[in-house]
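Asks: Just need the structure, nothing else, for what follows:
(one chain, ligands or ions: 2)
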Amino acid sequence: MANRFFNHIPLINLSGIGSNLEKKFHTLGIDSIQDLLFHFPLRYEDRTSSCSIGDVTIGEYTTIEGCIIKTEVILKRKQMLVCHIQDESGIAILRFMNFNAGIKASLAQGKWVSAYGEIKSGKNYPEIIHPQYKIKANREDNALVEEGQERYTPIYSTTYGLTQNVIRKLIQSALLLLKRNPPAEILPSQLARLFLPALDSLNIIHNPPIDTDINQLVTGEHRAIKRFIFEELLAYHLSMLLLKIDNQRQQAYAMRVNQKFIKPFLASLPFTPTNAQQRVVRDIYKDMAKPVPMMRLIQGDVGSGKTLVAALAALNAIENNQQVVLMAPTEILAEQHYNNFKQWFEPLGIKVDWLSGRLTTKNKKLRYEGVQSGDITMLIGTHAVFVDKVEFATLGLVIIDEQHRFGVNQRLTLWEKGIKESMHPHQLIMTATPIPRTLAMTVYADLDVSVIDELPPGRTPVTTVVIPNSRREEIIEKVNQACLSARQVYWVCTLVEESETLDAQAAEMLVEELRERLPNLSIALIHGKMKSDEKQLVMQNFKAGNTQLLVATTVIEVGVDVPNASLMIIENAERLGLAQLHQLRGRVGRGSAVSHCVLMYQAPLSKVAQARMRVMRESNDGFVIAQKDLEIRGSGEILGTRQMGVANFKIVDLIRDQYLISEVQETSDYLQQNYPQVAQQLIACWLPDRQKYINA
Ligand code: ADP
Ligand code: MG
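Replies: Ligands and ions are numbered 1, 2, ... in the order given. All right, here's what the predicted structure looks like:
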């Protein structure tokens, strides 16, 4: 039953797929026959009716028809075949760069032809390069479609070397297979009634008859697609719900606050926790006092002081003779946490150490031993803290910082790892990415949530300006002035590609330029390709105030805290999303000085980029920005899943489909209570990877 769409059958078992194609599909995330069946079209094209030549739109895929008036081979650098066709409204050209005698002969003068492709603007006439074409028996013959078979043509997302035709053909054979082994209905009848049967739905999605409301298919409102959206959301929600229930059945150390460390720690701080921090810490202590594992998410905007909350949670575990591990998404951030916690905890006699994948084998081994013997009480690091070799003597608390950088499955793996002698560690998860409530209900359905809704006192909002690249000179001068008046500056260099190597190169060039232009400043560079100890040194120097200007890639995006830095320049800001811009800007405005952020852009700005820049200028509030982000993206756009720490949905688009969430929530409670086996089947079908975490 779990296999109703063949989710355990590898793609290679489908006839027509060899290892070459298999690899290409793999890059699209398609490994099983089910993955292929749920590779839904991006859009659809109507190739059944043609457009008069006089009415074509440049750039659109269109079918045109006409009578061939001239076909000739011309020589431009290379031979090409040019065919002129004509209807009542005008003339168009079909152009072939590669052709043979057969093609040339088929396009004989006086014949009627039907051609499909993207309309380009030619010198004198619109043209299609390498159209799909068919010679018609006569003018009336509907050449591109078979009689009675009028359907929209699906267009799929693809990868290099994989053509639409190949994808279409294979999906058709997967559908045929499904037809021979029709999928069982797993939803209880009162629910199933609301939807079309799965097979019919898939047939409509991949081969919509010409009378289908295509727009509804794309917006996810069509009956055919709704079943799958609903099922996938249900499965996701149920898996979270079951995890939560399962978690409630586990045992954890009940921890009593005894103030042994907490009191002297608070006394050593130069400030007192804000009300919001205190409230959140109270939530945490209440959870930790229970003999079941805490699973709490702390949402707090950038700069709201989540690190202090983590420290207070850690001290509670340590007072109860338990070890603590804190994981951060980047080395720079892990390093910074290490420095903070060392400074805070070592005076109390607590041993703090850190671990990163880049340490030498010998140094790693030392850490492993220290953790295993219990000598190291608090371990801080990147995901290296969770490799198999790290075994804790008695792990009581797992803290994950900037959770949105890790996927849900990673979080679950960590959880599984903490298990020792049937005792589970408590879990504290921190994120700066605020998401609207309805979305949080799904994304964090397994977690209890606390919000730090207050910034530490004395902060002045960052003033943001938006300036085109053409005024670079002015900006360089601004940087100079800021440094001369003892302020520190970040200059963030970004590229389009998600490549830390290219980013690093661009940052290296920029630093050279700036050093030449501003010879009196001390300028340093940091990027993700540098060695750990180099990065460490650069950050220490910046933090100590020895470096005035830090040129960086987006590696500094999360968590970095240097309160004296009060000016941030972000280059090519138009290329970044709102969440990322807000995170980056959050690096300034952390001290009492008035801070500024300059968003530099390359003109012209697209409409979306303009809207984003406006939001950044007008707001400093992460929740407002997140809400605007959703509005600007609009429905139908793919959500930045990585940024939200959401598992990759196959079909669901959380933004587009969020209106279904409360219904899904109700239904999953109902299924879990009345049809537990259906719940399991749904999870098995949609989230096979997650089954192993769920024993409920
Ligand atoms: P984030 O929530 O972004 O992780 P941090 O924990 O890095 O924020 O804190 C940002 C800055 O605010 C740090 O310099 C920290 O020392 C300071 N801070 C935290 N809590 C308070 C407080 N209650 N009063 C004053 N400053 C605080
Ligand atoms: Mg932080």
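Asks: Surely Lys351 and Met378 touch.
Replies: Yes: Lys351 is within contact range of Met378, at 7.3 Å (criterion: Cβ atoms under 8 Å). Yep, even glycine has a C-beta here, placed from its N, CA and C like the rest.
Asks: between those two, who's got more neighbours?
Replies: The residue with the greater number of neighbours, taking Lys351 and Met378 and applying other Cβ atoms under 10 Å, is Met378; the counts read 26 against 15.
Asks: now that one: how far from Arg296?
Replies: Note on Met378: its distance to Arg296, by Cβ to Cβ, to the nearest Å, is 19 Å.
Asks: what does this protein put close to ligand 1?
Replies: 271, 273-274, 277, 300, 302-308, 432, 456, 559, 561, 563, 590 (Cβ under 6 Å from any ligand atom).
Asks: burial of Glu534, as a residue count?
Replies: Quick note: Glu534 (other Cβ under 10 Å) scores 13 neighbours.
Asks: And whichever strand or helix holds it, what's buried?
Replies: Taking DSSP states H and E as the definition, one finds Glu534 inside helix 532-543. For helix 532-543, a neighbour-count test (16 or more other Cβ atoms under 10 Å) marks 532, 535-536, 538-539, 542-543 as buried.
Asks: And stretch 36-51, by the same measure?
Replies: Neighbour-count burial for stretch 36-51 flags 36-41, 44-47, 50-51 (criterion: 16+ other Cβ under 10 Å).
Asks: Which part of the stretch 501-650 of the chain gets nearest to ligand 2, residue-wise?
Replies: Gly559 (4.1 Å; Cβ to the ion).
Asks: what's the answer for the stretch 351-500 of the chain, then?
Replies: In the stretch 351-500 of the chain, the residue that lies nearest ligand 2 is Asp401 (5.9 Å; Cβ to the ion).
Asks: Quick check, that residue in contact with His337.
Replies: Yes: in this structure, Asp401 is within contact of His337 by Cβ under 8 Å, at 7.0 Å.
Asks: shared neighbours, the two?
Replies: Overlap between the contact sets of Asp401 and His337, as judged by Cβ atoms under 8 Å, 6 or more residues apart in numbering, is given by 307, 326, 328, 559.
Asks: Quick check: the closest residue to Ile33 other than its chain neighbours vs Ile103, distance?
Replies: Across the structure, with Cβ to Cβ, 6 or more residues apart in numbering as the measure, the residue nearest Ile33 apart from its sequence neighbours is Phe6 (3.7 Å). When distance is defined by Cβ to Cβ, Phe6 is 40 Å away from Ile103.
Asks: Neighbour count for the two, which is higher?
Replies: The neighbour count for Phe6 versus Ile103, taken as other Cβ under 10 Å, is higher for Phe6 (21 against 14).
Asks: Run a quick neighbour tally on Asn480.
Replies: 18.
Asks: and if you look at Ser373?
Replies: 9.
Asks: who touches it in this structure?
Replies: Under the criterion of Cβ under 8 Å, 6+ apart, the neighbours of Ser373 are Ala393.
Asks: ok, now which ones touch the closest residue to ligand 1 within the stretch 551-696 of the chain?
Replies: The minimum distance from the stretch 551-696 of the chain to ligand 1, using Cβ to the nearest ligand atom, falls at Asp561 (4.0 Å). Under the criterion of Cβ under 8 Å, 6+ apart, the contact partners of Asp561 comprise 307, 336, 587, 590.
Asks: distance of the third one from Arg515?
Replies: Per Cβ to Cβ, Arg587 is found 22 Å from Arg515.
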